[in-house]
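A.B. asks: structure of the sequence below:
(one chain, ligands or ions: 1)
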Amino acid sequence: MGQEEAPLYEAVKEYVKRDMVPFHMPGHSQGKGAPRVLKQLFGAKFFDFDLTEVSGLDYLHYAHGVIRKAEDLATELYGTRSTFFLVNGTTAGIHAMILSTLKKGEKIIIGRNSHRSVIGGIIESGGVPVFVQPEFNEEFGIITNLTPDSLAKSIKENPDAKAVLITSPNYYGFQGRVKEMIDLAHKHNLFVLIDEAHGAHFPFNTKFPKSAIRYGADLVAQSAHKTLPTLTQTSFLHVVSDKVNIDRVEQVLGLIESSSPSYIFMIAMDIARREMALHGEELWDKVINISNYAREEISKIPGFKVTSSAIINGNDINAFDPIKITINVQELGYSGFEFESYLNDCNIEIELSDLQNVLLFVTLGTRVKDVDELISVLKKVPAKKHKSSVKLPKFPVASRFLMSPKEAFDSEYETIDLLESVGRVSWGIVAPYPPGIPVFVPGMEISKESVWFVDEVFKKGGLVQGSINKGHSIMVRVVKR
Ligand SMILES: Cc1ncc(COP(=O)(O)O)c(C=O)c1O
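C.D. replies: I've put the predicted structure just below:
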C-alpha cells in the first residue's frame, strides 16, 4: 500500500456503491430520513458517507482493518511508531497523553502557558501539576515558550516528577528549544509529551520548524484541523518512542472518545494525509510565498509591526512558523480587539485578537487576491486621535496547590466575587482571553496577582472563560470552606 492510496475513503466508497438497505444508526439512514433543509445544505453524498461502524468498515477503537490501514499510512508519513486518528480534537489527544503516562498523585511538569485541555487531563488523571513560567515577548506582548534553563530548574526541584508536557509552538507560531528540552527531560527519565496543536503541517515543508516528532518526544498531539486541509475536530495522536505503552494509549482513547466516530471525519483525515504525502511540499511552498508577500506588504504600511523570523532569539524562540502573521496595531492607537472589529466591519475575519495584536493564519485556501484585499483595507485604516495604551499585564506565576486539581473539582463549591477570592482555592478553570490560558486552576490558591490579572483583562474588554459575568464585575467558583 502506498501514500497515493486512501484506503478508508476507498472502502467507504465501495460500501456506499452497494446501496445496502440500512437498519442501523445514524438516525437519518444515509439521508433517507434527513430533514430536507439539511439535505439541501450538505448534499445527498454527505449523508451517504455519514456511516457508523458497519460491516467491513472497521472500528476506531479496535482498528485492525481499513481504519488501521489509513492510520498506518499516517504512521509512515509522520515517521512515528504509531499514529492514531482522533475525532475529538487535540483536546482528546492531550487527555490521552496524560492518562497514558500519569497516575493518581504523580507529578507532571507543565508550562504555565498550557491549554485548558492540559488541566482537564490532569483533573481526570488525579495527577499534580508543577508549573513553569514561560518567557514573555515585550515587543508584541505575547507569552512565548519555556526555556531549557527554566525546565532544568523545575526538574531539579521535582525529582519525583513522572512527565513533562511542553506546549510548542504557541498560537503565534513561535517554537521553543524543543530538542534541548526533550533531551533534558529524557536524561531524567521523564516522559515527554508535546502539545503541538499548531504544528501538524511542520513535516511537509523544510521551511517550517521541525516537528517534535523528529526531536524524539515520546508522545505528540497535533490538531490536523488547525492547519491541514481536513475537517474541524480531526487531530492526530503520535506515539513516537518505545517507552510508551501503546496498549494503554489504545485503552485510554477508547475510554475518552466517542464509540460512534464520524466516518466523515476519518475519511477527511485519510484524504488530507494523502494530499500532504503527494503534494505537501509544493502546496506549502505556495502558502509560504503568499504569506511572505503579505508580511512584506503589511510591514511597508506605516503604523503596523509584523512578526517574522527576525523574532527568533535562540532562547525562548528558536524557530518561527512562516504561515502565522501577527500584526501589532498599537502605534495606530487601536487595541487588538478594536482592530478586529474594524476588520470585521470591512468584511475580514481573522484568527484572533489580543490586547496589542491581531493574528492571521495564511492557509492552503488563502489566495493572493485575499491578501490584496486585506492590504487595501489596511492602507485605509485611520489612525486614532486618542491612542489606547493597553498592554497585557504580566502573566501571574502559578501559586501553590492546596489540593490536587481532582480533589478540588470533586469538592463542593461556592460562587463569590472575583475581588474577594484572594487566598481561596479555585474550584474551576478561569481562563481570560487573551491569552486564553488558565490563570485559575482547580486546587490552586488564588493569588492577589492572578485576581488583578483577570480583573485587568476583564476591564480591558477581554472575555473571562469560566467566570460569571455580572456586567460590571465577575464572579468565580471556589472550593467551599
Ligand atoms: C495550544 C493548544 N493546545 C490544544 C488545543 C486544543 O485543540 P483542539 O481544538 O484540536 O481540541 C488548542 C486549541 O486551540 C491549542 O491552541
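A.B. asks: check contacts around the closest residue to the ligand within the stretch 251-400 of the chain.
C.D. replies: Across the stretch 251-400 of the chain, the shortest distance to the ligand (C-beta to the nearest ligand atom) belongs to residue 352, at 9.5 Å. In short, each C-beta sits where N, CA and C put it, glycine included. Contact partners of residue 352, counting by C-beta atoms under 8 Å, 6 or more residues apart in numbering, are 171, 340, 358-359, 434, 436.
A.B. asks: lowest-confidence one in those residues?
C.D. replies: Taken together, the contacts of residue 352 show their lowest pLDDT at residue 434, with 68.
A.B. asks: quick one: contacts for residue 86?
C.D. replies: When contacts are counted by C-beta under 8 Å, 6+ apart, residue 86 touches 92-93, 96, 221, 234-237, 253, 257.
A.B. asks: now, which of those residues lie within helices?
C.D. replies: 92-93, 96, 253 (DSSP state H).
A.B. asks: what ranges do the strands span in the stretch 251-400 of the chain?
C.D. replies: For the stretch 251-400 of the chain, strands defined by DSSP state E, counting those that start in this stretch occupy the ranges 305-306, 319-320, 324-328, 352-353, 357-361.
A.B. asks: name the nearest residue to residue 101, ignoring sequence neighbours.
C.D. replies: Using C-beta to C-beta, 6 or more residues apart in numbering and skipping residues adjacent in sequence, the residue nearest residue 101 is residue 191, 4.3 Å away.
A.B. asks: quick check, nearest of the contacts of residue 86 to the ligand?
C.D. replies: For the contacts of residue 86, the nearest to the ligand is residue 235 (5.0 Å; C-beta to the nearest ligand atom).
A.B. asks: and for the closest one, the neighbour number?
C.D. replies: By the other C-beta atoms under 10 Å criterion, the neighbourhood of residue 235 contains 27 residues.
A.B. asks: what residues are bridge-paired with the residue nearest to residue 101?
C.D. replies: Legend: beta-bridge partners of residue 191 under DSSP bridges are residue 163.
A.B. asks: quick one: it and residue 239 touch, right?
C.D. replies: No - shown here, residue 191 and residue 239 do not form a contact pair, counting by C-beta atoms under 8 Å, at 11.4 Å.
A.B. asks: overlap in contacts, the two.
C.D. replies: 218-219.
A.B. asks: show me the contacts for the residue of the chain found nearest the ligand.
C.D. replies: At 2.6 Å from the ligand, residue 89 is the closest residue in the chain, using C-beta to the nearest ligand atom. Going by C-beta under 8 Å, 6+ apart, residue 89 touches 223, 225, 233-235.
A.B. asks: distance check, it against residue 211.
C.D. replies: In this view, residue 89 and residue 211 are 18 Å apart by C-beta to C-beta, to the nearest Å.
A.B. asks: now the angle between strand 324-328 and the longest helix along the chain, please.
C.D. replies: Criterion DSSP H: the longest helix present in the chain is helix 263-300. Helix 263-300 and strand 324-328 meet at an angle of 40 degrees, taking axes from the mean of the first three to the mean of the last three C-alpha atoms, to 10 degrees as the criterion.
A.B. asks: is any residue of helix 263-300 near the ligand?
C.D. replies: No - for a cut-off given as C-beta under 6 Å from any ligand atom, helix 263-300 has no contacts with the ligand; the smallest distance is 11.9 Å.
A.B. asks: buried sites along that helix?
C.D. replies: By 16 or more other C-beta atoms under 10 Å, the buried positions in helix 263-300 come out as 263-277, 280, 283-284, 287-288, 290-292, 294-295, 297-298.
A.B. asks: what's the angle from it to strand 357-361?
C.D. replies: 130 degrees.
A.B. asks: quick check: phi and psi at the spatially closest residue to residue 427 that is not a sequence neighbour.
C.D. replies: Spatial nearest neighbour of residue 427, excluding adjacent residues (C-beta to C-beta, 6+ apart): residue 413 at 3.8 Å. Here the main-chain torsion angles of residue 413 (degrees, to the nearest 10) amount to phi -130, psi 160.
A.B. asks: and residue 413, what pLDDT?
C.D. replies: Predicted confidence (pLDDT) for residue 413: 98.
A.B. asks: pull the number of nearby residues for it.
C.D. replies: Neighbours of residue 413 using other C-beta under 10 Å come to 17.
A.B. asks: repeat that for the one 3 residues further on.
C.D. replies: In terms of burial, residue 416 registers 13 neighbours under the definition other C-beta under 10 Å.
A.B. asks: one more: residue 423?
C.D. replies: 13.
A.B. asks: which residues of the protein score low on pLDDT?
C.D. replies: 387-392, 434 (pLDDT under 70).
A.B. asks: follow-up on the earlier one: what's near enough to touch the residue nearest to residue 101?
C.D. replies: Residue 191 touches 101-102, 162-164, 185, 218-219, 243-244, counting by C-beta under 8 Å, 6+ apart.
A.B. asks: buried subset of the residues you listed, written for ChimeraX?
C.D. replies: In ChimeraX, a selection of the buried entries from the contacts of residue 191 looks like this (16+ other C-beta under 10 Å):
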select :101,102,162,163,164,185,218,219,244
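A.B. asks: possible to save the contacts of residue 191 as TSV with distance to the ligand?
C.D. replies: Shown next, in TSV, are the contacts of residue 191 (distance: C-beta to the nearest ligand atom, whole Å):
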residue	distance to the ligand
101	17
102	17
162	21
163	16
164	16
185	19
218	17
219	14
243	22
244	19
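A.B. asks: for the spatially most central residue of the chain, give me its contacts.
C.D. replies: Relative to the mean C-alpha position of the chain, the nearest C-alpha, by C-alpha atoms, centre = their mean, is the one of residue 197, at 3.8 Å. Each residue near residue 197 by C-beta under 8 Å, 6+ apart is listed here: 90, 115, 167, 221-223, 226, 235.
A.B. asks: one step back: name the helices or strands packed onto the longest helix of the chain?
C.D. replies: helix 7-17, helix 44-49, helix 66-78, strand 82-86, strand 305-306, strand 324-328, helix 368-379 (3 or more C-beta pairs under 8 Å, 6 or more residues apart in numbering; DSSP states H and E).
A.B. asks: what's the angle from it to strand 82-86?
C.D. replies: Between helix 263-300 and strand 82-86, the angle comes out at 90 degrees (the same axes, to 10 degrees).
A.B. asks: list, one by one, the residues from the chain near the ligand.
C.D. replies: So the chain meets the ligand at 89-91, 94, 115, 117, 167, 171, 195, 197, 223, 235 (C-beta under 6 Å from any ligand atom).
A.B. asks: make it 8 Å
C.D. replies: 86, 88-94, 114-115, 117-118, 167, 170-171, 195, 197-198, 221, 223, 225-226, 233, 235, 436 (C-beta under 8 Å from any ligand atom).
A.B. asks: beta partners for residue 143?
C.D. replies: residue 136.
A.B. asks: begin at 36, not 1, for the rest of this chat.
C.D. replies: Noted, 36 is the first residue going forward, which turns the last one into residue 178.
A.B. asks: burial count for it?
C.D. replies: 26.
A.B. asks: would you map the strands across the stretch 86-235 of the chain?
C.D. replies: 117-121, 142-146, 163-167, 171-172, 177-178, 198-202, 209-210, 226-230.
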